[in-house]
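Chemist: Below are the sequence and a predicted model; questions follow.
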Amino acid sequence: MSDKKVYNVAQIAEEIEIPRTTINEWLNRFPQYLEMEFRGKRKVYTENALAVIREIAALRDYGHSIADIERELSHKHPFQAEVDDTSEQQEPAPTETVTALSSPKQQHYPEELARLINGELTMLTNSVQQNLRDARRAAVRSLRWQLILTVLMVLFGGALLWFAVQLGERMRHQQQELMLSGEQLKVLRSDTAALTRELENREIKIAEQDKVLRDMSVMLDKNSRDYQKNIDLLERELKSMQENFEADLKRESGSSAERQQAEMARLREEFAGRQLELLKKIEEFAKLKDQELARQTQAVAKLAAESATAAAQKASRDNMTAVIKAIESATTAAAVAAEAKPTPEPEQKPEPEPAPVSEVNDEQP
């Protein structure tokens, strides 16, 4: 009898803490790697077999298949043959005859060999079936992963196509906005040029009106000096007439009262007529002066209104220039954003510089 420690199936299951059915399946699946002995009619397993079963359990915990476990075991452990403890023979005695070769134990070897071959064939069949099941599961798993990968690729392709369509729509929309902004910019530039020309024409008109107003001021000043001269002349004539009248009155003081009264009445009427004529001339000069002052006032008011209009138009033109610069900045930013698909931009004419607006002289003569 051997002194090595041996284990039955129940003891192996208790040692490894794995169900007995699983241990039986492994024992039937990997018998060629397990060292075992026969104790009577039952199998027992050695310490080496227990170590191999522990290794099989560890490989199963790591997720290895039966084929992988068998491949690992074939690399690490040699094949083991079943050993019958009853085959241990004592050394034959020297007196043992040739007839001992035909003992009943030697006749039992063919049956044991047939049983072993049958067990090996059964285990081989189980191994083939297990391999087929593993291959089928692997194929199903591979097919499942291929299906999932195909679905993911289809979804990714659809998402990529949708992104490309959205990107194309966005770029087309940006191109339309750029074209519209270019047209608006052209319209604004044409309006600015027209407004600039109109402002230049108005500045010319204002300069002409300023010149006319200065000429009118000079003429009015001259008329005022002439008017003052005429008034002085009339005053001197009145004074001379009064002196003549007083002299005539003194000369005629010796005449009769009637002649004196008649002459005084005549002189009074003559003096009144001349005074009335002088007053009419004074009124005419006053009316002429009032008309000239009114015309000058209207011209000054018109000039001030036109100056205010020119200033407002200049402010509007400055605002228009700022808007054009803002639109050009936005157009440049949009063009930079659309660099993924560049398009040839139409040549833009240089913006004409606005003519300087001359300051209106508001000083009165």
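Modeler: Ah, there it is. Numbering: from 1, shown residues only.
Chemist: can you give me the helices for the chain?
Modeler: With DSSP state H as the criterion, the chain has helices at 9-16, 20-29, 47-61, 66-76, 104-251, 257-337.
Chemist: so which of the ones you listed comes closest to Gly40?
Modeler: helix 104-251 (13.6 Å; Cβ to Cβ). C-beta: built from backbone N, CA, C; applies to glycine.
Chemist: I'd like the distance from the closest one to the chain centre, please.
Modeler: Centroid displacement of helix 104-251 relative to its chain, using Cα atoms, centre = their mean, to the nearest Å, is 10 Å.
Chemist: between it and helix 66-76, what angle do the directions make?
Modeler: 120 degrees (axes from the mean of the first three to the mean of the last three Cα atoms, to 10 degrees).
Chemist: Over helix 104-251, what's the mean pLDDT, rounded is fine.
Modeler: For helix 104-251, mean pLDDT rounds to 82.
Chemist: oh, and call the first residue 53 from now on, that's how I've got it
Modeler: Right, with 53 as the first residue, what we last looked at is helix 156-303.
Chemist: That helix - contacts with which helices or strands?
Modeler: helix 72-81, helix 118-128, helix 309-389 (3 or more Cβ pairs under 8 Å, 6 or more residues apart in numbering; DSSP states H and E).
Chemist: With mean pLDDT as added columns, please give the ones you listed in JSON lines.
Modeler: Converted to JSON lines, these look like this (pLDDT from 0 to 100):
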{"stretch": "helix 72-81", "mean pLDDT": "90"}
{"stretch": "helix 118-128", "mean pLDDT": "86"}
{"stretch": "helix 309-389", "mean pLDDT": "81"}
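Chemist: Quick one: closest of the ones you listed to Asn253.
Modeler: Taking the helices and strands packed on helix 156-303 one by one with Cβ to Cβ, helix 309-389 is closest: 10.9 Å.
Chemist: Would you mind getting the angle between that closest one and helix 156-303?
Modeler: Using the same axes, to 10 degrees: helix 309-389 against helix 156-303 is 170 degrees.
Chemist: and helix 309-389, what other elements does it pack with?
Modeler: Using 3+ Cβ pairs under 8 Å, 6+ apart, helix 309-389 is in contact with helix 156-303.
Chemist: Could you tell me the angle between the helix it packs on and helix 72-81?
Modeler: 110 degrees.
Chemist: just to revisit the earlier point, any chance of the helices and strands packed on helix 156-303 in a markdown table, plus distance to Ala103 and mean neighbour count?
Modeler: Putting those into a markdown table (distance: least, Cβ to Cβ, whole Å; neighbours: other Cβ atoms under 10 Å) gives the following:
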| stretch | distance to Ala103 | mean neighbour count |
| --- | --- | --- |
| helix 72-81 | 13 | 16 |
| helix 118-128 | 10 | 15 |
| helix 309-389 | 71 | 13 |
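Chemist: closest to Thr202 out of those helices?
Modeler: Closest among the helices and strands packed on helix 156-303, using Cβ to Cβ: helix 118-128, at 27.1 Å.
Chemist: what's that closest one packed up against?
Modeler: Counting by 3+ Cβ pairs under 8 Å, 6+ apart, helix 118-128 packs on helix 99-113, helix 156-303.
Chemist: picking that back up, would you list the helices and strands packed on helix 156-303 in CSV and tack on distance to Asp284?
Modeler: Below are those laid out as CSV (distance: least, Cβ to Cβ, whole Å):
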stretch, distance to Asp284
helix 72-81, 147
helix 118-128, 139
helix 309-389, 12
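Chemist: Identify whichever of those lies nearest to Ile256.
Modeler: helix 309-389 (11.3 Å).
Chemist: Please convert the helices of the chain to TSV, extending it with distance to Lys93.
Modeler: Listed next are these as TSV, based on distance: least, Cβ to Cβ, whole Å:
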stretch	distance to Lys93
helix 61-68	14
helix 72-81	16
helix 99-113	18
helix 118-128	27
helix 156-303	11
helix 309-389	89
